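S.K.: mind looking at a prediction? Sequence and model below.
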Amino acid sequence: MATVRASCPDCGDVEISTDDVQVRVCVETSVGSYAFRCPVCRAPVAKHAEAGIVHLLVSSGSPLTMWRLPAELSEAHRGPALTHDDLLAFHHLLETDGWFAGVAAMVKG
Ligand SMILES: [Zn+2]
């Protein structure tokens with residue numbers, strides 16, 4: 001397995017095995033990224049990757065995951081946008097007994 005040099009925000013340059021680097025590419029946008037756990041501080045690190053870097057890592061043994069944007073992005077959204085007040089009211093609702101029945105009653109019909 002090949003070794004590559006990557007950069008940890010806290011430790012600087014570190015060397016990692018390519019099989020410890022996960023490569024991800026979005027099917028719809030072709031935007032790539034890679035992620036690894038720093039071998040020194042164990043922090044997770046994720047970075048944007050141009051196509052050349054994606055190709056280099058995958059051809060050197062890094063596992064590739066193709067992922068899709070969530071289907072919700074293409075759904076039509078009706079009604080007013082959620083506000084901070086809505087979110088706070090929902091938070092308070094979740095602290096009450098029987099909150100699920102209350103929420104279910106709001107979305108019926
Ligand atoms: Zn580190």
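M.R.: Done, it's in.
S.K.: check which helices and strands whichever strand or helix holds residue 46 is in contact with.
M.R.: Under the criterion of DSSP states H and E, residue 46 resides in strand 44-49. Using 3 or more Cβ pairs under 8 Å, 6 or more residues apart in numbering; DSSP states H and E, the elements in contact with strand 44-49 are strand 3-8, strand 32-37. Where C-beta positions appear, they are placed from N, C-alpha and C, glycine not excepted.
S.K.: and the last one with strand 3-8, angle?
M.R.: When you say that, I think you mean strand 32-37. 90 degrees (axes from the mean of the first three to the mean of the last three Cα atoms, to 10 degrees).
S.K.: what pairs with strand 32-37, and is each one parallel or antiparallel?
M.R.: As defined by DSSP bridges, the strand partners of strand 32-37 come to strand 22-26 (antiparallel), strand 44-49 (antiparallel).
S.K.: again, but for the first one
M.R.: Strand 3-8 has its sheet partners listed here by DSSP bridges as strand 12-17 (antiparallel).
S.K.: export the strand it pairs with as PDB, just CAs?
M.R.: Extracted as PDB, the C-alpha positions of strand 12-17 are listed here (Å, rounded to 0.1, in the frame of the first residue of the first chain):
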ATOM      1  CA  GLY A  12       1.000  19.900  10.000                       C
ATOM      2  CA  ASP A  13       2.300  17.300   7.500                       C
ATOM      3  CA  VAL A  14       1.700  13.700   8.400                       C
ATOM      4  CA  GLU A  15       2.200  10.500   6.400                       C
ATOM      5  CA  ILE A  16      -0.700   8.000   6.100                       C
ATOM      6  CA  SER A  17      -1.300   4.800   4.200                       C
END
